[in-house]
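J.: Let me see the structure of the following:
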Amino acid sequence: MKTIEDGPMFLKIIKSRNTIDSRSTITYIRSTLSDLNRQMIRFNSNVTHFNDFVKAQLDALQSRGETSNDIMVNLFKGYMAIADSQFKQYISQKINVYDKGSNITKELLMNLAENK
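T.: Have a look, this model is predicted:
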């Protein structure tokens, strides 16, 4: 098998996998995660698109060696921005269960919200 070297393509691949590590980028990502109620409105209450956005932001933080310690609070805030009263009641029940100490993870909460 013959290997063909392609410098421009190699550079394109490197650039596509590169992440910019700066405090301002991390601050921006954190601010979007703390403002998930507005993001939900931006996504017109589409839980699937909202969840994809949240996962992308969390992946962006993780790729920079960072985490979010308040993601559950922010997820609840985002889901409560949906106007549907039945959905809000469902999320309120999940908040109560979480506040009582149940081990609800962000992944489980996102799956439950999407399935609802």
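J.: tell me which residues in the helix or strand encompassing residue 39 are buried?
T.: Taking DSSP states H and E as the criterion, residue 39 maps to helix 36-42. Within helix 36-42, the residues that qualify as buried are 36-37, 39-40, counting by 16 or more other Cβ atoms under 10 Å. Any C-beta I mention is one placed from the backbone N, CA and C, and that applies to glycine too.
J.: Residue 73: which of those is nearest?
T.: residue 36 (9.3 Å; Cβ to Cβ).
J.: Looking at the top helix by length along the chain now, give me its mean pLDDT.
T.: Criterion DSSP state H: the longest helix present in the chain is helix 47-63. For helix 47-63, mean pLDDT is 95.
J.: tell me which strands and helices it is in contact with?
T.: Identification of packing neighbours for helix 47-63 by 3 or more Cβ pairs under 8 Å, 6 or more residues apart in numbering; DSSP states H and E yields helix 23-34, helix 36-42, helix 71-79, helix 106-115.
J.: Now render the ones you listed as CSV, adding mean pLDDT and distance to residue 12.
T.: As requested, the helices and strands packed on helix 47-63 are exported to CSV (pLDDT from 0 to 100; distance: least, Cβ to Cβ, whole Å):
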stretch, mean pLDDT, distance to residue 12
helix 23-34, 90, 21
helix 36-42, 96, 30
helix 71-79, 97, 33
helix 106-115, 96, 33
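J.: Adding distance to residue 7, write these out as JSON lines.
T.: Conversion of those to JSON lines gives the following (distance: least, Cβ to Cβ, whole Å):
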{"stretch": "helix 23-34", "distance to residue 7": "28"}
{"stretch": "helix 36-42", "distance to residue 7": "40"}
{"stretch": "helix 71-79", "distance to residue 7": "41"}
{"stretch": "helix 106-115", "distance to residue 7": "41"}
